[in-house]
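Asker: From the sequence below, what's the structure:
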Amino acid sequence: MRPRVFMFIAFVTVSCGATAQSVYKWTDPQGVAHYTDQPPPSGNAARIQLKTRSEPVSPADAGGGPGAGITSSATPSALATAEAAAQKRNCERSRNNLSTLSSGAMLVDSSNPNTAKRLDEAQIAEAKRAAEADVAAYCGAGNK
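Answerer: Now for the predicted structure:
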């Protein structure tokens with residue numbers, strides 16, 4: 001029984017010490033105030049005791065991953081409408097990209113504005129294949 005009491009007292013003492021933290025405030029020769037966890041080498045510092053405590057975590061905050069505690073008030077039909085609108089936008093953008101690539105206009109790789117260069121035929125063909133895949137994915141295979 002005595003070892004348990006001793007362990008309990010030791011645990012409480014250690015945990016209480018963890019919540020009270022010392023910070024030292026000192027001013028350098030230029031007049032700038034510093035706050036550190038160790039005193040300066042000169043030893044001229046005021047010791048400040050900080051008391052911290054942790055707040056209990058609610059079950060929603062302790063949840064699994066991103067958005068785990070978020071509840072959605074959106075209805076399934078509203079989500080379906082938003083998904084359809086995004087699908088339509090992506091389809092239009094994909095078709096515009098394919099149209100631009102097929103137009104025969106001079107195409108420039110502008111990923112780095114300082115070193116923009118004209119695309120060669122192989123790069124244009126690769127970009128067309130990617131654009132066609134996007135059109136197939138967003139517009140459906142039969143809607144090219």
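
Asker: Grab the longest strand from this structure for me.
Answerer: strand 20-27 (DSSP state E).

Asker: ok, and for that strand, which residues are buried?
Answerer: Buried residues in strand 20-27, defined by neighbour count with 16 or more other CB atoms under 10 Å: 24, 26. To be clear about C-beta, it is placed using only N, CA and C from the backbone, and glycine gets the same treatment.

Asker: Kindly report the same for stretch 128-137.
Answerer: When burial is assessed from 16+ other CB under 10 Å, stretch 128-137 yields the following buried residues: 131-132, 134-135.

Asker: element containing Arg47?
Answerer: When elements are defined using DSSP states H and E, Arg47 is found to belong to strand 46-51.

Asker: partner strands of that strand, parallel or antiparallel?
Answerer: Applying DSSP bridges to the sheet, strand 46-51 is found paired with strand 20-27 (antiparallel).

Asker: What's the mean pLDDT across the strand it pairs with?
Answerer: Strand 20-27 comes out with an average pLDDT of 76.

Asker: quick one: contacts of whatever helix or strand comes next after it?
Answerer: Secondary structure here is assigned by DSSP H and E; on that basis, the next helix or strand after strand 20-27 toward the C-terminus is strand 33-36. Strand 33-36 has contacts (CB atoms under 8 Å, 6 or more residues apart in numbering) with 23-28, 40, 48.

Asker: Can I get the strand holding Arg47 in PDB? Just the C-alpha atoms.
Answerer: Taking only C-alpha atoms (Å, rounded to 0.1, in the frame of the first residue of the first chain), the coordinates of strand 46-51 have been written out as PDB:
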ATOM      1  CA  ALA A  46      13.800  38.600 -13.700                       C
ATOM      2  CA  ARG A  47      12.200  35.200 -13.300                       C
ATOM      3  CA  ILE A  48       8.600  35.000 -14.300                       C
ATOM      4  CA  GLN A  49       6.400  32.000 -13.400                       C
ATOM      5  CA  LEU A  50       3.900  31.000 -16.000                       C
ATOM      6  CA  LYS A  51       1.000  28.800 -15.100                       C
END
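
Asker: which residues sit against that strand?
Answerer: Residues outside strand 46-51 that contact it (CB under 8 Å, 6+ apart): 19-26, 35, 39.
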